[in-house]
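Q: Predicted coordinates and the sequence they were generated for:
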Amino acid sequence: MRLDLLIIIVFLVLFTSLFFSVIKTVPGKMEYIVERLGRYHRTLYSGNNLILPFIDRIVKKVRKNEMVLDFPPHFAVTKDKAEVKAGFVIYFQVIDSLKYVYIVENPIQTLEDLCIVMFKDVISKKKLQELEVSRDIVNEGLRNEFNEKADFLGIKINKAELKKVVVIYENIT
């Protein structure tokens with residue numbers, strides 16, 4: 001009699017653990033990337049989802065809400081050869097989880113490197129006076145440049161803001 005009860009309890013525990021490993025609850029503003037036997041299978045969206053235990057594996061949990069990257073000041077040279085030091089902030093969110101996970105190994109580091117290069121490029125096309133007077137135009141130019149280049153990562157730049165611009169050397173000609 002006791003052996004039968006023990007077998008039933010073990011069976012119930014195994015069944016319960018298997019049942020809970022089949023159902024995955026994805027919170028809002030998140031997506032889970034699922035691989036089946038080592039290859040991409042599908043994306044789980046918020047809510048309850050079913051997966052096959054031991055065959056399917058969640059490889060990455062992707063946040064879909066807006067995130068912030070704050071860049072320390074970097075040196076750049078303006079169109080009129082003035083050397084400036086300025087930092088900037090970008091607000092971004094992941095729009096394509098598949099690209100975000102599989103295109104590059106570290107998408108945030110890639111985004112940071114890309115933004116620094118694009119920042120220097122945008123500054124090199126502006127005159128010093130434009131940086132000081134028309135900050136909104138420069139911010140819009142930064143956002144547009146970043147969006148154009150960050151699209152392949154599955155990331156959308158919602159806002160880019162240039163922080164305080166410090167003139168290091170002004171070429172007076």
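A: Perfect, I can see it now.

Q: Could you tell me how many residues sit around Gly141?
A: Gly141 has 20 neighbouring residues, counting by other C-beta atoms under 10 Å. Any C-beta I mention is one placed from the backbone N, CA and C, and that applies to glycine too.

Q: Verify the assumption that it is located in a helix.
A: Yes: Gly141 sits within a helix when classified using DSSP: H, G, I helix; E, B strand; the rest coil.

Q: what's the closest non-adjacent residue to it?
A: Once flanking residues are discounted, Gly141 sits nearest to Val122: 5.3 Å by C-beta to C-beta, 6 or more residues apart in numbering.

Q: just Pro27 next, same as before
A: Closest residue to Pro27 apart from its sequence neighbours, by C-beta to C-beta, 6+ apart: Ser46 at 6.3 Å.

Q: what helix or strand is the residue nearest to Gly141 on?
A: Using DSSP states H and E, Val122 sits in helix 107-124.

Q: With Leu18 instead?
A: For Leu18, the element it lies in under DSSP H and E is helix 2-22.

Q: average pLDDT for that helix?
A: Taken as a whole, helix 2-22 has an average pLDDT of 86.

Q: for stretch 29-46, same thing?
A: According to the model, stretch 29-46 has a mean pLDDT of 94.

Q: May I see the buried residues of that stretch?
A: For stretch 29-46, burial by neighbour count (16 or more other C-beta atoms under 10 Å) applies to Glu31, Tyr32, Ile33, Val34, Glu35, His41, Thr43, Leu44.

Q: So Val62 sits against Val101, correct?
A: Yes: counting by C-beta atoms under 8 Å, Val101 is a contact partner of Val62 at 6.7 Å.

Q: picking that back up, need the contact partners of the helix holding Leu18.
A: Residues outside helix 2-22 that contact it (C-beta atoms under 8 Å, 6 or more residues apart in numbering): Leu50, Ile51, Leu52, Pro53.

Q: How far off centre is the worst-scoring helix or strand of the chain on mean pLDDT?
A: Every helix and strand in the chain was compared by mean pLDDT, DSSP states H and E; the lowest is helix 128-133, with a mean of 79. Relative to the centre of its chain, helix 128-133 is centred 30 Å away, using C-alpha atoms, centre = their mean, to the nearest Å.

Q: what's next to it, contact-wise?
A: By C-beta under 8 Å, 6+ apart, the list of residues contacting helix 128-133 reads Thr78, Asp80, Ala82, Val84, Ala86, Ile123, Ile137, Val138, Leu162, Val165, Val167, Glu170.

Q: again, 7 Å this time
A: With contact meaning C-beta atoms under 7 Å, 6 or more residues apart in numbering, helix 128-133 is reached by Thr78, Asp80, Ala82, Val84, Val138, Val165, Val167, Glu170.

Q: Having no further points to raise, I will conclude here.
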